[in-house]
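# Based on what follows, work out the 3D shape:
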Amino acid sequence: MKLIGSTASPFVRKVRVVLAEKKLDCEFELEDVWSAETAIHLANPLGQVPCLVMEDGSSMYDSRVIAEYLDTLTPVCKLLPPNGRDRADVKVWEALSDGVADAAVLVRLEKTLRPAEQQSVAWIERQMGKVHAGLAVMSANLGESPFCKGNHYTLADVAVGCTLGWLLFRFPEIDWRGDYANLARLFDKLSERPSFKESVPQ
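Okay, here's the model as predicted:
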């Protein structure tokens, strides 16, 4: 397998963390999708990373699809419950976390790709509203639990940790650590895992 991605993307990092936790060997190929020379469309017609190229040359894309697939390849560090409400709860955590990251990415693109006079303040405020609302719900749902889903490390924690790390990287002005002490505790604990140490955004 080969993972195509960037070291800055929270979605690519999520897949890299899953690969490390599952102890799966996978080549990592750096790709800048914004470069004029990018060839990402040859593997993913949507032009996005992460993209997992399989042994038979076929491609798998979207971090949620890839992460779920990788969890089936080995029983090492199972990240998703087998079925039922528990599995759905973990997937909702992942969707919430990815949604916060998606909204923040849209803000970054608006501010970096558009000239200042063309930027939409209303659009930026709308997306930032999603970021702050999502963080508040994450904190409320986490409560005093050691992990997002009870007492077990799951894909929910991987997704949340990658999103929080990316916010620190790209939006240091958002003081989620000061606002949500429980998220800060969770993030600090996750950051001690080798899989997170080896994939810090750059």
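# Which strands and helices lie in contact with the longest helix anywhere in the chain?
The residue-count maximum for a helix in the chain (DSSP state H) belongs to helix 84-113. Contact partners of helix 84-113 among helices and strands, from 3 or more C-beta pairs under 8 Å, 6 or more residues apart in numbering; DSSP states H and E: helix 10-22, helix 63-71, helix 121-142, helix 155-170. (C-beta placed from N, C-alpha, C; glycine too.)
# Is Ser145 in contact with Thr154, as I believe?
No: assessed by C-beta atoms under 8 Å, Ser145 is found out of contact with Thr154, at 11.5 Å.
# What about Arg64, how many residues nearby?
Number of residues near Arg64 (other C-beta atoms under 10 Å) recorded here: 16.
# just Val92 next, same as before
Number of residues near Val92 (other C-beta under 10 Å) recorded here: 14.
# Next one: it from Lys22, what distance?
Noted for Val92: a distance of 22 Å to Lys22, by C-beta to C-beta, to the nearest Å.
# Likewise for Gly99?
On the measure of C-beta to C-beta, Gly99 and Lys22 end up 24 Å apart.
# neighbour count winner among these two?
Set side by side, Gly99 and Lys22 show more neighbours around Lys22, with 20 against 15, by other C-beta under 10 Å.
# thought that one was touching Thr74?
Yes: counting by C-beta under 8 Å, Lys22 touches Thr74, with 5.4 Å between them.
# And stretch 2-13, what's buried?
Under the neighbour-count criterion of 16 or more other C-beta atoms under 10 Å, stretch 2-13 has Leu3, Ile4, Gly5, Ser6, Ser9, Pro10, Phe11, Val12, Arg13 buried.
# tell me the pLDDT at the fourth one?
The per-residue pLDDT reported for Ser6 equals 97.
# wait, it sits on Glu29?
No: judged on C-beta under 8 Å, Ser6 makes no contact with Glu29 at a distance of 10.2 Å.
# Which pLDDT value belongs to Gly150?
Gly150 carries a pLDDT score of 86 in this model.
# Which residue, other than its chain neighbours, is closest to Gly143?
Using C-beta to C-beta, 6 or more residues apart in numbering and skipping residues adjacent in sequence, the residue nearest Gly143 is Asn182, 6.8 Å away.
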